[in-house]
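[1] Need coordinates for the below:
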Amino acid sequence: MVIKIGVLYRNGQFSTEELRLAEKFKVRFHAAAMAVVSFYEVDFSYDRHYLLTALNESKSIMQQLVRNHLSEKSLNRIDSVFSFFANATFLDSVFRKDSEHREILGHIVADMNRAMDEGGM
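    Below is the predicted model:
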């Protein structure tokens with residue numbers, strides 16, 4: 001999806017309004033990423049409602065952005081990916097202090113921190 005959106009952007013396929021949506025997505029998704037980092041690094045800071053809202057808003061914005069450019073299959077793929085990660089039971093499991101996912105989450109957070117430091121996220 002990232003590659004498809006990048007190709008659309010590089011070829012000037014987005015309208016002014018769609019570019020505003022892209023910027024809105026960037027800001028909202030960055031906030032969600034920062035929340036994930038914070039929830040991992042700061043004990044008892046996990047806020048399911050905040051993260052679910054941020055992910056669902058990000059999904060909606062992305063779908064609006066690409067709706068006129070990509071196929072229904074691509075839109076369904078966006079829905080599938082965001083639905084997987086915006087699952088309350090999954091998120092609760094991931095952010096439990098004694099989570100079996102803690103180690104892998106640590107690797108993901110380290111990668112996210114690196115991407116944010118390098119301007120890639």
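[2] hey, which helix is longest across the chain?
    helix 16-41 (DSSP state H).
[3] so how far is S74 from the residue nearest in space to the middle of the chain?
    Central residue of the chain (C-alpha atoms, centre = their mean): F29, 4.7 Å from the mean position. According to C-beta to C-beta, to the nearest Å, F29 and S74 sit 18 Å apart. For the C-beta atoms, the positions are set from N, CA and C on the backbone; glycine is no exception.
[4] ditto for R28
    According to C-beta to C-beta, R28 and S74 sit 20 Å apart.
[5] Name the residue in the two with the higher neighbour count.
    R28 (19 against 16; other C-beta atoms under 10 Å).
[6] Spit out the contact partners of the more buried one.
    By C-beta atoms under 8 Å, 6 or more residues apart in numbering, the contact set of R28 is 54, 57-58, 61.
[7] Could you list which of those belong to helices?
    Per DSSP H, the contacts of R28 map to helices at 54, 57-58, 61.
[8] so who does V66 touch?
    V66 neighbours (C-beta under 8 Å, 6+ apart): 1, 4-5, 8, 74-75, 78.
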